[in-house]
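Novice: I need the structure of the sequence given here:
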Amino acid sequence: MNFNQKESNNTQTPVDSTGKTNKGSSALVKKGLSLSILTLFSRILGLLRQMTQAKFLGTSSLSDAFGIAFQVPNLFRRLFAENSISVAFIPTFKGYLEEADTPEGKKRAQEFVNATFTLVTFATVTLVTIGMIITPLILRLYYKKADAASMAEAVILTRIMFPYLVVISVAAFFQGILNGLKIFSPSGFTPILFNCIVILATYILAPHMENPARAMSVGVITGGCVQALFQLPFVLKNKWRISFTSLKKAFSNPGTRKVLSLIGPTIIGMAAYQLNDLVSSALANKTGEGIYSSLSYSLRLQELILGICAVTISTVILPDLTGCAKKQKWDQFNNLLSQSIHIMAFIAIPVTLYSLCMDRNLIALLFATGKFDEQSIQMTVEVFQWHILGLFFIAVNRIIAPAFYAQQDTMSPTIAGLVNFAVNIVLAFVLSKVMGGPGIALALTIASIVNSIFLFIFLKKNKNIAAGRVIGSSILYSLKMVLFSVIAAVPVELLKDKIISVFAGHNRFISQGIPIAITALIFAMVGILLMVVTRDPLVKTISRKLKRI
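Specialist: Next up is the predicted model:
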């Protein structure tokens, strides 16, 4: 794979109202498939990383401490780095690129890059310095006074991993440059490196450190450094220098001022979203030992699928949506948005139904080793059943948001995020008292549904978007996927117990893995047959593209 090759910049015109496909649809599928391969490996390795944590830590208090310690820098990363780069930096950078064919335009673009790099490093280094000092105060949100020993270990782990925020923010900045240039592969490959390093560090360093959690923490900070360094040569090869400028120039640069103005309302919305995680995690850790870890393992399995579909498609379509918006090509904009939601439904809804059929088997196959015992399996299954119900809505939210960002409308997703936050916090607090961990998972699912509803409502208020057509076609296609998935699930439910009994008594890869493979094949065959018989246009597009690979 040529990491430095720019993906094609074909005009995107997906399936139209008649069901016919065209070159734009094929281009979207081609980009999605290419990035999905890397994302698939990344998510699988992420799952292996979580399996490594399950093997060494199980659902113990030490596992909870590591998860909380890793969440702290990740919370700030999502708040200030990833979202800011995609929402504010990439659209602004693309504006500079349109004028970069002249020496003066290239100079202005380079100054903008240097100014942004300076701001990113200055802000994150400052935040990390303060954060490491007040780490005990931060962790008091998660722990009761009686959990002093667990909290003391969490403080050590947090301070080891807090600098991860700096290096991963720089990595996100490099990713923004490459994605703005329509180069996706290097950024898609770096999480693979990260997960490999964390896994290897755990196995290699665990016998030589105080506990396995500290070994994993060292792997995290090392992997973050590699993520940034790996992308740098590709940025330099495309003739973009990376250097510091003065803080005065950084803050006064017109591009960075525009980025900061766009980030403002977005950070409010993202802060609400991240506070969801913060409050949910605090409630989980105070609900009982292992609850936080079981939620974490469940979410990792959910994110495996979410990353393959939603993150991939949203990363690919944002530059194209931005291009359509700038050129006032609203028909193409609407078609691309509809096509993306259809792809989400095509993937997420069948996966949800199948996962509900085989939930216990999936959890046992992936995590049941080492310290991850029967109690850990049961705790994780109980929360996974509620988490997976929100998969499609979370995926759709990540697809609709770029439609607003492409028009530099950050306020609508922000308001929806605030509503999401309010619903989740209230429900998590109430349901955790009644249902424990599963109640926290259910609260997240309900909040995600509410978030989708509000995003669609705001979509209807945008005069440039044919919201009625987008919403109508999305609902119809989603209902079709629900019907087909229910039909495909019937033979799985009828046959799974017999299939499981045949392979019982062997190691988990045989006793759980083979029944999962067989039932997944049955489910997929029935589903594909239904799609082919009904001549689904999306299947035709994917089939043609696969034949050309």
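Novice: hmm, Ile363 is touching Glu382, no?
Specialist: No: at 9.9 Å, Ile363 does not count as touching Glu382 under the criterion of CB atoms under 8 Å. For every residue, glycine as well, the C-beta is placed using N, CA and C.
Novice: okay, now the unreliable bits of the stretch 351-500 of the chain?
Specialist: Along the stretch 351-500 of the chain, the model assigns pLDDT under 70 to residues 406-408.
Novice: show me where it has helices.
Specialist: 359-367, 374-387, 391-405, 411-435, 437-460, 467-503 (DSSP state H, counting those that start in this stretch).
Novice: list the contacts of stretch 359-377.
Specialist: Under the criterion CB atoms under 8 Å, 6 or more residues apart in numbering, residues 47, 50-51, 54-60, 290, 293-294, 297, 301, 355, 380-381, 384-385, 388, 500, 508-509, 512-513, 515-516 lie in contact with stretch 359-377.
Novice: try stretch 135-143
Specialist: 68, 72, 131, 150-151, 154-155, 158-159, 162, 278, 281-282, 285-286.
Novice: just the buried subset of those, please.
Specialist: 68, 72, 131, 150-151, 154-155, 158-159, 162, 278, 281-282, 285 (16 or more other CB atoms under 10 Å).
Novice: quickly find the element holding Val526.
Specialist: According to DSSP states H and E, Val526 maps onto helix 513-533.
Novice: which helices and strands does that helix pack with?
Specialist: When contacts are defined as 3 or more CB pairs under 8 Å, 6 or more residues apart in numbering; DSSP states H and E, helix 513-533 packs onto helix 330-357, helix 359-367, helix 467-503, helix 537-548.
Novice: which stretch among those helices comes nearest Pro413?
Specialist: Shortest distance between Pro413 and these, using CB to CB, is found for helix 330-357: 14.1 Å.
Novice: can you point out the buried residues in that closest one?
Specialist: 332-355, 357.
Novice: so Ile44 sits against Arg300, correct?
Specialist: No: contact status for Ile44 versus Arg300: not in contact, 11.1 Å apart, counting by CB under 8 Å.
Novice: so between those two, which is more surrounded?
Specialist: Arg300 (21 against 15; other CB atoms under 10 Å).
Novice: roughly how far apart are the more buried one and Phe421?
Specialist: Using CB to CB, to the nearest Å, Arg300 is found at 22 Å from Phe421.
Novice: any idea which of the helices of the stretch 351-500 of the chain is most buried?
Specialist: Comparing the helices of the stretch 351-500 of the chain by mean neighbour count (mean count of other CB atoms under 10 Å), helix 391-405 comes out on top with a mean of 24.
Novice: what's it packed up against?
Specialist: helix 291-306, helix 312-326, helix 330-357, helix 411-435, helix 437-460.
Novice: let me have those helices in a markdown table, extended by distance to Phe230.
Specialist: Listed next are the helices and strands packed on helix 391-405 as a markdown table, based on distance: least, CB to CB, whole Å:
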| stretch | distance to Phe230 |
| --- | --- |
| helix 291-306 | 22 |
| helix 312-326 | 17 |
| helix 330-357 | 28 |
| helix 411-435 | 30 |
| helix 437-460 | 33 |
